[in-house]
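[1] need a 3D model of the sequence below.
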Amino acid sequence: MNCLIWNYQVIVNNRTRYALKSLIQKHKASLVFLSETHCTKLQHQSLLKSTGLSQIAHFDRVDRAGGLALLWDASISVNVRMVDRYFIDAIVKGPDQVEWRFTSFYGHPETKRHHNSWDLLRSLAGDPLERWVVAGDFNEILELGEKSGGRLWNLGQMQAFRQALTNYHLEDMGAAGGSYTWCDSRTKERLDRCTASSTWWAAFSFSRVVHLHPSRSNHVPLLLEVRCVPPGHERRRRQFRFEEMWCTHDGFSHKHQRSRAIWLKEGNRNTRYFHKRASNRRQKNSIKGLFDQEGTWQEFSPGIEKVVLEYFQSVFSSQPSNLVAQDTVLQAISPRNTVSMNASLLAPDTTEDVREALFQMHPSKAPGPDGMSPFFFQKYWDLVGQEISNAVISMLRRMEMLPDLNFTHVVLIPKVKEVTTMSHLRLIALCVVQDCFQSCG
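    Next up, the predicted model:
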């Protein structure tokens, strides 16, 4: 489902309402939050007809200012819990039948009263494990990079906002598109955003926020795409992964291995911490879509796979070699290996060489395609060591590798917060057996 969040700043004339309806239809928004509507009760009610949505909750303007509205269609269920001058709090159940809490929020516009907004967040905060989204115009920035031009921003204000999100277990969701959501003739700032709890991210890890193009307001509309699977995908069968917890005591949290917090060695000291780290990694490493060579956004699996394939075909395609130039370069290089070093390199591989290579790997690093991490082979070396050594040594001597073993997961690691092109990704390959061969050979 898609949610539209917008500080519209007056929505009482036909042209602005038409612009809103066009956005709702174009992006198939089933839930819409509007702030600073400046609408009376009757004007709010008339929004249903002009937008084509079916239900509305609203807080009417005060002294011709303010006004909030939350609208939704019949495809989702919304249970409004509280309506206030600065927020509308509701429980949402989308087509996937997963319930989550959506608080549409409007931060106090006066700088000296921003602390009131953070106090309000405190009063709204509930169970830290609740699936919760708070979205809207916070009238505050998190860091100096979210502002361009205008007066200097108070560092204490930003710190107070950051601390409020941390205290109430919310994280900024980031956004694709432009860097700012509000502007005037001299200043640009990112005042509008979506924040979410780690448990919401765990349930909807393929979600994203998009800054849409400005339309009849000095605030940019935000589109929140709520997705628990990639667009156009069904849930795939989860691959087998060996868990270290199977070899330890009953109280050990399996999220230790997933969180990769290597410095915290043992014990279920902070289950919530592990859960958050594991969920954050999943969200950060998800590819929501990519631009292809023609600049077209691809967000469905076949399109993304084509973009990746074409990119690496271009990067790794071989070119004709200049053999004369190669010989010239090699002749200019003086040998550095001594006779004894060369003899050591050419010596037959032994079982101890294989063991040494394997035990140099970190036990909890990413497993290979078979789902086995180095921990398994290290833990049960007495049982599987001889068989593994025989296989490795045999293949190294014959200079051949079985096709089933010469296989790897190609993994793309994000280099930036919001991935949109292949240049934003770094390639690594995960193959435990192959790494072992290379270390031995």
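
[2] got the CA coordinates for stretch 344-363 in PDB?
    What follows is stretch 344-363, C-alpha atoms only, in PDB (Å, rounded to 0.1, in the frame of the first residue of the first chain):
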ATOM      1  CA  SER A 344      57.800 -23.700  -0.300                       C
ATOM      2  CA  LEU A 345      55.100 -22.400  -2.700                       C
ATOM      3  CA  LEU A 346      55.500 -25.500  -4.900                       C
ATOM      4  CA  ALA A 347      55.500 -28.000  -2.000                       C
ATOM      5  CA  PRO A 348      52.600 -30.500  -1.900                       C
ATOM      6  CA  ASP A 349      49.500 -29.300   0.100                       C
ATOM      7  CA  THR A 350      48.900 -31.100   3.400                       C
ATOM      8  CA  THR A 351      46.000 -31.600   5.700                       C
ATOM      9  CA  GLU A 352      47.500 -29.100   8.100                       C
ATOM     10  CA  ASP A 353      47.500 -26.400   5.300                       C
ATOM     11  CA  VAL A 354      43.800 -26.900   4.800                       C
ATOM     12  CA  ARG A 355      43.100 -26.700   8.500                       C
ATOM     13  CA  GLU A 356      45.200 -23.600   9.000                       C
ATOM     14  CA  ALA A 357      43.400 -21.800   6.100                       C
ATOM     15  CA  LEU A 358      40.000 -22.800   7.500                       C
ATOM     16  CA  PHE A 359      40.700 -21.700  11.000                       C
ATOM     17  CA  GLN A 360      42.000 -18.300   9.800                       C
ATOM     18  CA  MET A 361      38.400 -17.400   8.900                       C
ATOM     19  CA  HIS A 362      36.100 -15.700  11.400                       C
ATOM     20  CA  PRO A 363      33.600 -18.300  12.500                       C
END
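
[3] what are the buried residues along stretch 34-53?
    Within stretch 34-53, the residues scored as buried using 16 or more other Cβ atoms under 10 Å are Leu34, Ser35, Glu36, Thr37, His38, Cys39, Gln43, His44, Leu47, Thr51, Leu53. (Glycine included, C-beta is placed from N, CA and C.)

[4] can you put these in TSV and add secondary structure, pLDDT and distance to Ala65?
    Listed next are these as TSV, based on DSSP: H, G, I helix; E, B strand; the rest coil; pLDDT from 0 to 100; distance: Cβ to Cβ, whole Å:
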residue	secondary structure	pLDDT	distance to Ala65
Leu34	strand	95	14
Ser35	strand	94	11
Glu36	coil	92	8
Thr37	coil	90	10
His38	coil	89	7
Cys39	coil	90	11
Gln43	helix	91	14
His44	helix	92	15
Leu47	helix	91	18
Thr51	helix	90	22
Leu53	coil	94	24
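
[5] can you add distance to Glu243 and give those back as CSV?
    Shown next, in CSV, are those (distance: Cβ to Cβ, whole Å):
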residue, distance to Glu243
Leu34, 47
Ser35, 46
Glu36, 50
Thr37, 51
His38, 56
Cys39, 54
Gln43, 57
His44, 53
Leu47, 51
Thr51, 49
Leu53, 46
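
[6] for Leu224, which non-adjacent residue is closest in space?
    Excluding the flanking residues, the one nearest Leu224 by Cβ to Cβ, 6 or more residues apart in numbering is Cys3, at 4.1 Å.

[7] quickly list what that neighbour is bridged to.
    For Cys3, the beta-bridge partners under DSSP bridges are Leu31, Leu224.

[8] hang on, His169 in a helix?
    No. Looking at His169 with DSSP: H, G, I helix; E, B strand; the rest coil, it is coil, so not inside a helix.

[9] distance check, it against Asp127.
    9 Å (Cβ to Cβ, to the nearest Å).

[10] more neighbours: these two, which one.
    His169 (21 against 11; other Cβ atoms under 10 Å).

[11] burial of the residue nearest to that one when sequence neighbours are not counted, as a residue count?
    Nearest residue to His169 in three dimensions, chain neighbours excluded: Pro128, at 4.4 Å (Cβ to Cβ, 6+ apart). For Pro128, the neighbour count with other Cβ under 10 Å is 14.

[12] out of the buried residues of stretch 34-53, who's nearest Asn337?
    Nearest to Asn337 among the buried residues of stretch 34-53: Ser35, at 70.7 Å, using Cβ to Cβ.

[13] the closest one contacts His58, correct?
    No. The criterion here is Cβ atoms under 8 Å, and Ser35 misses it with His58 at 10.9 Å.

[14] so what sits against both of these two?
    Gly67, Leu68 (Cβ atoms under 8 Å, 6 or more residues apart in numbering).

[15] backbone torsions only: list them for the residue nearest to His169.
    Per-residue torsions, Pro128: phi -60, psi -20 (degrees, to the nearest 10).

[16] just checking, it touches Leu170?
    No. Contact between Pro128 and Leu170 fails when scored by Cβ under 8 Å: they sit 9.9 Å apart.

[17] from Pro374, how far out is the nearest residue to Ile428 once chain neighbours are set aside?
    Using Cβ to Cβ, 6+ apart and skipping residues adjacent in sequence, the residue nearest Ile428 is Val411, 5.2 Å away. Distance, Val411 to Pro374, by Cβ to Cβ: 17 Å.

[18] these two: which has the busier surroundings?
    Pro374 (21 against 13).

[19] mind saving the C-alpha coords of the longest helix seen in the chain as PDB?
    In the chain, assigned by DSSP state H, the helix with the most residues is helix 381-398. Provided in PDB are the C-alpha atoms of helix 381-398 (Å, rounded to 0.1, in the frame of the first residue of the first chain):
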ATOM      1  CA  TRP A 381      36.700 -30.500  12.400                       C
ATOM      2  CA  ASP A 382      37.300 -33.900  14.100                       C
ATOM      3  CA  LEU A 383      34.400 -35.300  12.200                       C
ATOM      4  CA  VAL A 384      34.700 -33.700   8.800                       C
ATOM      5  CA  GLY A 385      38.300 -32.500   8.600                       C
ATOM      6  CA  GLN A 386      39.900 -35.500   6.900                       C
ATOM      7  CA  GLU A 387      37.200 -35.700   4.200                       C
ATOM      8  CA  ILE A 388      37.400 -32.000   3.500                       C
ATOM      9  CA  SER A 389      41.200 -32.100   3.400                       C
ATOM     10  CA  ASN A 390      41.200 -35.000   1.000                       C
ATOM     11  CA  ALA A 391      38.700 -33.200  -1.300                       C
ATOM     12  CA  VAL A 392      40.600 -29.900  -1.300                       C
ATOM     13  CA  ILE A 393      44.100 -31.500  -1.900                       C
ATOM     14  CA  SER A 394      42.700 -33.700  -4.600                       C
ATOM     15  CA  MET A 395      41.200 -30.800  -6.500                       C
ATOM     16  CA  LEU A 396      44.400 -28.700  -6.100                       C
ATOM     17  CA  ARG A 397      46.600 -31.400  -7.500                       C
ATOM     18  CA  ARG A 398      44.300 -32.000 -10.500                       C
END
